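>>> structure for this input, please:
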Amino acid sequence: MKNHLKHIRHFFSSSICVLTVLLLITSCYHQKPETHDAMVTYSAKQIDSLSFQAKHHYTNNYNFIVKADSMPLIRQQPEEVSALLPTDTIYVYKHNHLVVADIRTIPSDSIDSVWIQVARDQHTFGWQRESVLLSKVVPDDPISQFISTFSDIHLLISLVIVVLIFTGYVTRKLMRKNAHLVHFRDIDSFYPTLLTLIVASAAALYAGIQNFAPDVWRHFYFHPTLNPCSVPPLLAIFLSSVWAMLIVGIAAVDDTFHKLPAAEAVLYICGLIGVCAVDYIVFSILSLYYIGYLLLAAYVYFALYRYATKSGTSFICGNCGRAMRRKGRCPHCGAWND
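Alright, predicted model coming up:
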């Protein structure tokens, strides 16, 4: 009972710290008075722009950053390109900021009928097909940039992390033959298990959004937010799970350092990161093919069963005060407990 109360105190203290930081970094803003859409008169060009935004999720005055090494822009009009007339090309380069200046549809273009005019400054502007443009730029928002970067190289990074963690764990295992690892030789804390379950569920949900609501994710990519209350329900659940990862992760790290010596705690946390990386890779990929959801149910059962049967401690050593799973010789100090 005391251990459970201690866990609860650690969880709430960690949660309060995170919420305090969020409140400190959150700035106030002044919201302009809203005017009902029925009272606004739109021009034909504005109507076209709103129609384009509803389908493509961006429109005039939207900001991008170049993520490719370079991107060509055509100075002449798109119609001249379709007519195979001579054109001039200028280049913008990586990390250049661009703004959408104009949008045009060219039905005669067999490659891509949508052309976008972007400008870096008043002297550097030009046209490019939308398909080419979107492959070489990213929205000017840190969250969108994170999504773009992580989507491109997340498998490679995760695999590298797994290999490094696995190598470190095996080395430690060979040296001491007594290393801790979540799900297998876990510590007496539910936070690491809970963190792995949240990561696995969030990965499956992420794949589900891509499968069943791709337009919702595309809109989120162009207009990201970390506020679960301002997005559709499916995204709200996903964002809530992201915040839950942060809070439970802090609680897991804090509890690990309270239960293990520093060197063992660092190794255990590295192993936990490795397990979470594997969970993310497995469930985000397999859930795209629906088998991930069945696997997720089996994984939840496995994780809870392992924690209930292998991680609980019912006894405390009378000599050193450390937790023990059963009566007998204390694994920490060697004292015998009857």
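>>> so who does Phe238 touch?
Applying Cβ atoms under 8 Å, 6 or more residues apart in numbering, we find Phe238 in contact with 202, 205-206, 209. For every residue, glycine as well, the C-beta is placed using N, CA and C.
>>> which parts of the helix or strand harbouring it are buried?
For Phe238, the element it lies in under DSSP states H and E is helix 233-259. Neighbour counts over helix 233-259 (16 or more other Cβ atoms under 10 Å) mark 235, 237-239, 241, 244-245, 247-256, 259 as buried.
>>> next: stretch 61-79.
62, 64-67, 71, 73-74, 77-78.
>>> stretch 142-155 now?
Within stretch 142-155, the residues scored as buried using 16+ other Cβ under 10 Å are 144, 147.
>>> where does the prediction get shaky in the stretch 51-200 of the chain?
Scanning the stretch 51-200 of the chain for pLDDT under 70 picks out 51, 152-156, 158-160, 163-164, 167-178.
>>> tell me where it has strands.
Remark: strands assigned in the stretch 51-200 of the chain by DSSP state E, counting those that start in this stretch are 63-66, 70-74, 89-93, 97-105, 114-121, 124-129, 137-139.
>>> mind putting those strands into a markdown table with distance to Phe302?
Shown next, in a markdown table, are these (distance: least, Cβ to Cβ, whole Å):
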| stretch | distance to Phe302 |
| --- | --- |
| strand 63-66 | 43 |
| strand 70-74 | 48 |
| strand 89-93 | 50 |
| strand 97-105 | 48 |
| strand 114-121 | 48 |
| strand 124-129 | 49 |
| strand 137-139 | 38 |
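>>> let me know which of those strands is the nearest to Ser82.
Proximity to Ser82, assessed across the strands of the stretch 51-200 of the chain by Cβ to Cβ, is greatest for strand 114-121 (9.4 Å).
>>> what helices and strands are in contact with that closest one?
For strand 114-121, the packing partners by 3 or more Cβ pairs under 8 Å, 6 or more residues apart in numbering; DSSP states H and E come out as strand 97-105, strand 124-129, helix 130-136.
>>> since we're on Thr87, how many residues are nearby?
14 (other Cβ atoms under 10 Å).
>>> hang on, I meant Ser284
Here the number of neighbours of Ser284 (other Cβ under 10 Å) works out to 22.
>>> residue contacts, it?
By Cβ under 8 Å, 6+ apart, the contact set of Ser284 is 203-204, 206-207, 292.
>>> at 6 Å instead, please
Counting by Cβ atoms under 6 Å, 6 or more residues apart in numbering, Ser284 touches 203, 206-207.
>>> same deal with Leu194?
By Cβ under 6 Å, 6+ apart, the contact set of Leu194 is Val248.
>>> separation between it and His183?
12 Å (Cβ to Cβ, to the nearest Å).
>>> and Ala202, by the same measure?
Distance from Ala202 to His183, counting by Cβ to Cβ: 18 Å.
>>> between the two, who's got more neighbours?
Shown here are Ala202 and His183; by other Cβ under 10 Å, Ala202 has more neighbours (22 against 19).
>>> what about Leu272, neighbour count?
For Leu272, the number of neighbouring residues by other Cβ under 10 Å comes to 27.
>>> my read: it touches Thr193, true?
No - Leu272 is beyond contact range of Thr193, at 9.6 Å (criterion: Cβ atoms under 6 Å).
>>> related to what we said a few turns ago, and the buried residues of stretch 61-79, which two are furthest apart?
Most distant of those, by Cβ to Cβ, are Lys67 and Gln77, 26.3 Å apart.
>>> show me the contacts for the residue lying closest to Leu288 once chain neighbours are set aside.
Computed as Cβ to Cβ, 6 or more residues apart in numbering, the closest residue to Leu288 that is not its neighbour in sequence is Ala207, at 4.9 Å. Ala207 makes contact with 284, 287-288, according to Cβ under 6 Å, 6+ apart.
>>> ok, Ser287 next?
Here Ser287 is in contact with 204, 207 (Cβ under 6 Å, 6+ apart).
>>> check what pLDDT it gets.
Ser287 carries a pLDDT value of 86.
>>> do the same with Thr256
Residue-level pLDDT assigned to Thr256 equals 89.
>>> so how far is stretch 215-231 from its chain's centroid?
Here the centre of stretch 215-231 is set off from its chain's centre by 13 Å, with Cα atoms, centre = their mean, to the nearest Å.
>>> in it, which residues are buried?
Going by neighbour count (16+ other Cβ under 10 Å), the buried part of stretch 215-231 is 216-217, 219-224, 228, 231.
>>> report the mean per-residue pLDDT for that stretch.
The average pLDDT within stretch 215-231 is 90.
>>> what secondary structure does the closest residue to Ala335 other than its chain neighbours sit in?
Nearest non-adjacent residue to Ala335, counting by Cβ to Cβ, 6+ apart: Asn319, 3.6 Å away. Judged by DSSP: H, G, I helix; E, B strand; the rest coil, the three-state class of Asn319 is coil.
>>> please name the bridge partners of Gln128.
Beta-bridge pairing of Gln128 under DSSP bridges involves Ile116.
>>> in the stretch 201-338 of the chain, which spans are strands?
Using DSSP E, counting those that start in this stretch, the strands of the stretch 201-338 of the chain run over residues 315-316, 323-324, 328-329, 336-337.
>>> and these, which one is worst for confidence?
Of all these, the minimum mean pLDDT falls on strand 323-324 (a mean of 66).
>>> any idea how far the residue nearest to Trp217 when sequence neighbours are not counted is from Ser135?
Using Cβ to Cβ, 6+ apart and skipping the chain neighbours, the partner closest in space to Trp217 is Ile209 (5.0 Å). According to Cβ to Cβ, Ile209 and Ser135 sit 22 Å apart.
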